[in-house]
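Chemist: here are the coordinates; sequence isn't available:
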């Protein structure tokens, strides 16, 4: 395990990177809208007579068309080259038009247009996120156990939109003499994502959930660093759709580590 002094320095650097990612042009602080798409064409822009009305940008941004197979075509109103995208649940395609960053997100085969204003003043308003004091003992090396058979699971979300996922592993660890097994419902093989909730959600952390990404994954172990448990995107914007924790990931004890809820939640 990393020595405490080095660990605290690394954790401080991670927190700074976390803040920078939130404030980046493709972060979670500058989203101005999310709009479900159906087959057919819609006009997009800030003028009130558009099918999709934005709170920023030009009056006529362009025409967006979704084909029956889910492919999306965007024709900018300024006459610049049209853009064709193939939606991808794991890597939502992005394209920029002026100061606006557009993204096609997909949940269970249904697409939505998410729009970020890269000129927004909102990111500058976030100067930090309150967190519990760092505790190296909450950095746990868990057993990374492959399931005999991948498990299909439908998880609920903050918008009550079901999301179908496949679970392949569980992270097994002990706390106060009890054994727990968290399942990763999202993320990647190198950084499995755990959606979890513990008893601090009653008074200190975001009520719906926190996210934790596994680290240093091998075929037998995974690091669960609860000091890096973070607020989900829906804590920062109403335009995010966040998964809720499966029953296995609702823990009956307090994890006083990681980010606390934001003011006003």
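Modeler: All right, it came through fine. Since the structure is predicted, the reported quantities are computational estimates derived from the model, not experimental observations.
Chemist: Double-check residue 120 against residue 56; I have them as touching.
Modeler: Yes: Residue 120 lies in contact with residue 56 (Cβ atoms under 8 Å); the separation is 7.4 Å. The way it works is simple: take the backbone N, C-alpha and C, and place the C-beta from them, glycine included.
Chemist: Between those two, which contacts overlap?
Modeler: The contact sets of residue 120 and residue 56 overlap at residue 32 (Cβ atoms under 8 Å, 6 or more residues apart in numbering).
Chemist: Residue 219 and residue 179, how far apart?
Modeler: Remark: distance between residue 219 and residue 179 (Cβ to Cβ, to the nearest Å) = 20 Å.
Chemist: what's the answer for residue 214, then?
Modeler: In terms of Cβ to Cβ, residue 214 sits 18 Å off from residue 179.
Chemist: who has more neighbours, the two?
Modeler: residue 214 (24 against 9; other Cβ atoms under 10 Å).
Chemist: My read is that that one contacts residue 189, right?
Modeler: No: taking contacts as Cβ under 8 Å, residue 214 lies outside contact range of residue 189: 9.7 Å.
Chemist: contact partners of the longest strand seen in the chain?
Modeler: Ranked by residue count and defined by DSSP state E, the top strand of the chain is strand 139-155. For strand 139-155, contacts defined as Cβ under 8 Å, 6+ apart pick out 1-2, 7, 162-173, 181-183, 185, 195, 214, 217-227, 243-244, 246.
Chemist: Can you pull up the most central residue in this structure?
Modeler: residue 233 (5.2 Å; Cα atoms, centre = their mean).
Chemist: Would you list the phi and psi of that one?
Modeler: In terms of degrees, to the nearest 10, the main-chain angles of residue 233 are phi -50, psi -30.
Chemist: Tell me the spacing between it and residue 110.
Modeler: 18 Å.
Chemist: Check residue 30 too.
Modeler: Applying Cβ to Cβ, the value for residue 30 to residue 110 is 24 Å.
Chemist: Distance of the residue of the chain most remote from its centre relative to residue 98?
Modeler: Relative to the centre of the chain, the most outlying C-alpha is that of residue 79, 33.6 Å out, by Cα atoms, centre = their mean. Residue 79 sits 13 Å away from residue 98, going by Cβ to Cβ.
Chemist: same question, residue 185
Modeler: 36 Å.
Chemist: for residue 160, same thing?
Modeler: Counting by Cβ to Cβ, the gap from residue 160 to residue 98 is 34 Å.
Chemist: do the same with residue 261
Modeler: Using Cβ to Cβ, residue 261 is found at 35 Å from residue 98.
Chemist: Who has more neighbours out of those two?
Modeler: Using other Cβ under 10 Å as the criterion, residue 261 and residue 98 rank with residue 261 on top: 19 against 15.
Chemist: Could you find the closest non-adjacent residue to the more buried one?
Modeler: residue 206 (4.7 Å; Cβ to Cβ, 6 or more residues apart in numbering).
Chemist: Report the secondary structure state of that neighbour.
Modeler: Three-state call for residue 206 (DSSP: H, G, I helix; E, B strand; the rest coil): coil.
Chemist: Is it in contact with residue 231, as I believe?
Modeler: Yes: here residue 206 reaches residue 231: they are 5.0 Å apart, a contact under Cβ under 8 Å.
Chemist: For the two, list the residues in contact with both.
Modeler: 259, 261, 262.
Chemist: show me what contacts the first one?
Modeler: Taking Cβ under 8 Å, 6+ apart, we find residue 259 in contact with 129, 130, 131, 205, 206, 210, 229, 230, 231.
Chemist: for the residues you listed, which one is nearest residue 34?
Modeler: For those, the residue nearest residue 34 by Cβ to Cβ is residue 231; the value is 18.3 Å.
Chemist: doesn't residue 262 make contact with that closest one?
Modeler: Yes: Residue 231 is within contact range of residue 262, at 6.5 Å (criterion: Cβ under 8 Å).
Chemist: Mutual contacts of those two, please.
Modeler: Counting by Cβ under 8 Å, 6+ apart, the contacts common to residue 231 and residue 262 are 129, 206.
Chemist: Pick out whichever of the two has more residues nearby.
Modeler: Taking other Cβ under 10 Å, residue 231 and residue 262 do not tie; residue 231 has more neighbours (25 against 13).
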